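[1] The amino acid sequence is not available; the structure is as follows:
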């Protein structure tokens, strides 16, 4: 099984951002672009598209070149994007706000690809009720979506983080940690969830399907780069929807694609399809547009920004969750309208829906 080789504390990363990355991607017309992605069920199409000529096909259509790079370390991929080494990166809505946006990089969600609908889970050892988590040490990647999911789970039973003790644990160590005698509770994501649940002692007591639409998987790009190079955004949309269609296709080609993506993520066809079943995939652009324009997205981002503010992840000395502006597709802004750093747009997904790419 392949997992990310190293997870940096997001708090430590925020500190490094405070020291300053000087090489933020410059907004200018250009013909070559760099995209970073990391292993996760909803992001596997990017690697497949690069390996099977789909990236080249769409790049050629717009007379540009797109280089797609896989990272084994998710946080490092965001680190590199924030530093300006990449024009686009796969990340979650929460991490997009806490890392590039909080680091001062104006970032636009080009594609809303899916949301976790069971892929992230709270697991207890030999306990079948979420209420049994009270008083336990909980191993998770601190300040990640796992930390957010724990907070939402505790809230659902009127507990808070004060009722447990968070133990920061790299995802690369999570499976091994669960097998040790002193670990009794973990929060993590697939494919780690599936592996841990193979242990007969492991009981899933809460998962992301109970907070639907809150852990969103995106392809984002530098807003300045997109503004000066709209064809880059169009190419990304074309790549995504052509490849994502294979995730649902009941054809030999679709099965072969899923098998290849499963293998690349360290599992087999059955394992990969099980992860897909726990994912609300937006493989049709019209569905992605409807979700992005829905009133639920501002509500979700309000929950997320308040969680990040409480954890001190919106910048040193941030006076409130309003410190960073988050722009919705209708132009309305959550937070500071003078400091918009994260934007949701329907533009490129809509172009795909209208077949005008």
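    Thanks, I have the structure now. Treat the numbers as computed from the prediction; the structure is a model and nothing was measured. Numbering: from 1, shown residues only.
[2] After the worst-scoring helix or strand of the chain on mean pLDDT, which helix or strand is next? Please name it.
    None of the helices or strands of the chain scores lower by mean pLDDT, DSSP states H and E than helix 10-19, at a mean of 41. On the C-terminal side of helix 10-19, the nearest following helix or strand under DSSP states H and E is strand 32-38.
[3] Pull the residues that contact that following strand.
    With contact meaning Cβ atoms under 8 Å, 6 or more residues apart in numbering, strand 32-38 is reached by 4, 43, 46-47, 64-74, 77, 80-81, 85-90, 219, 225, 229, 232, 236. Just so you know, the C-beta spots here come from the backbone N, C-alpha and C atoms, and that holds for glycine as well.
[4] Among those, the buried ones, what's the ChimeraX command?
    In ChimeraX, this line selects whichever of the contacts of strand 32-38 come out buried by 16 or more other Cβ atoms under 10 Å:
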select :4,43,46,47,64,66,68,69,70,71,73,74,77,80,81,85,86,87,88,89,90,219,225,229,232,236
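[5] which SS class is the closest residue to residue 56 other than its chain neighbours?
    Setting aside the residues directly before and after it, residue 56 is nearest to residue 66 in space (Cβ to Cβ, 6 or more residues apart in numbering), at 8.0 Å. Here residue 66 is recorded as strand under DSSP: H, G, I helix; E, B strand; the rest coil.
[6] Contacts only, for residue 66.
    Applying Cβ under 8 Å, 6+ apart, the residues near residue 66 are 32-35, 55-56, 58-59, 232, 235-236, 239.
[7] Roughly how far does it sit from residue 168?
    35 Å (Cβ to Cβ, to the nearest Å).
[8] show me the contacts for residue 231.
    Residue 231 is in contact with 62-64, counting by Cβ under 8 Å, 6+ apart.
[9] any idea which helix or strand carries it?
    helix 230-244.
[10] That helix versus strand 32-38: what angle between them?
    40 degrees (axes from the mean of the first three to the mean of the last three Cα atoms, to 10 degrees).
[11] quick one: average confidence on helix 230-244?
    In this model, helix 230-244 has a mean pLDDT of 98.
[12] Please apply the same query to stretch 166-176.
    The average pLDDT within stretch 166-176 is 93.
[13] Give me the pLDDT value at residue 90.
    At residue 90, the pLDDT value in this model is 98.
[14] again with residue 28
    pLDDT, residue 28: 79.
[15] Report how many residues lie close to it.
    9 (other Cβ atoms under 10 Å).
[16] so how far is residue 164 from the closest residue to it other than its chain neighbours?
    Computed as Cβ to Cβ, 6+ apart, the closest residue to residue 28 that is not its neighbour in sequence is residue 228, at 5.7 Å. Using Cβ to Cβ, we find residue 228 at a distance of 47 Å from residue 164.
[17] Same check on residue 179?
    According to Cβ to Cβ, residue 179 and residue 164 sit 20 Å apart.
[18] Then residue 315?
    From residue 315 across to residue 164, the span is 27 Å (Cβ to Cβ).
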